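Undergrad: heads up, no residue letters with this:
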């Protein structure tokens, strides 16, 4: 069992930056691939980024690479999402999730956090 708690969301102006954190409970964090997803109002949840257990493999969704950077610290049981050059269309609830191996589809993830709201004002 893995419990995930996100933090770091908030209100930011367009062009600004935020760093989201997701802390995992349990001693098996380092064996899981971790992902970030987001869901905007009225839209389906979409894949943002994923990182495998040792950070050797990273995926990004759509055109997010270059603005978003995923990283992890197995020593701190934490995965991060550094978001830069934020746009109003990045407004969404951001979720972290854990999967046995690196994946890009939400149904392939076993554990989910409760989400953290990111709002980007124009």
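TA: That came through fine. Remember, predicted model here, so these are calculated numbers, not experimental data. Numbering: from 1, shown residues only.
Undergrad: need the pLDDT of the residue nearest to residue 49 when sequence neighbours are not counted.
TA: Distance criterion CB to CB, 6 or more residues apart in numbering; nearest residue to residue 49, sequence neighbours excluded, is residue 70 at 3.9 Å. C-beta: built from backbone N, CA, C; applies to glycine. Note on residue 70: pLDDT of 98.
Undergrad: bridging residues for residue 70?
TA: Taking DSSP bridges, one finds residue 81 as the beta-bridge partners of residue 70.
Undergrad: next, count neighbours for it.
TA: If you count neighbours by other CB atoms under 10 Å, residue 70 ends up with 23.
Undergrad: ditto for residue 75
TA: Residue 75: 8 surrounding residues under other CB under 10 Å.
Undergrad: show me the strands in the protein, by range?
TA: For the chain, applying DSSP state E gives strands covering 4-7, 10-13, 18-24, 33-39, 46-51, 58-60, 68-73, 78-83, 92-99, 111-112, 116-121.
Undergrad: from what I can see the residue nearest to residue 49 touches residue 79, true?
TA: Yes - judged on CB atoms under 8 Å, residue 70 makes contact with residue 79 at a distance of 6.9 Å.
Undergrad: which residues do these two both contact?
TA: Shared contacts of residue 70 and residue 79 (CB atoms under 8 Å, 6 or more residues apart in numbering): 34, 36, 51.
Undergrad: so which of those is surrounded by the most neighbours?
TA: Using other CB under 10 Å as the neighbour test, those are led by residue 34, with 29 neighbours.
Undergrad: now stretch 28-41: how far from the chain's centre is it?
TA: 5 Å (CA atoms, centre = their mean, to the nearest Å).
Undergrad: what does stretch 26-40 give?
TA: 8 Å.
Undergrad: rounded mean pLDDT for that stretch, please.
TA: pLDDT averaged over stretch 26-40 gives 93.
Undergrad: distance of residue 29 relative to residue 98?
TA: 8 Å (CB to CB, to the nearest Å).
Undergrad: overlap in contacts of these two?
TA: Common neighbours of residue 29 and residue 98 (CB under 8 Å, 6+ apart) are residue 2.
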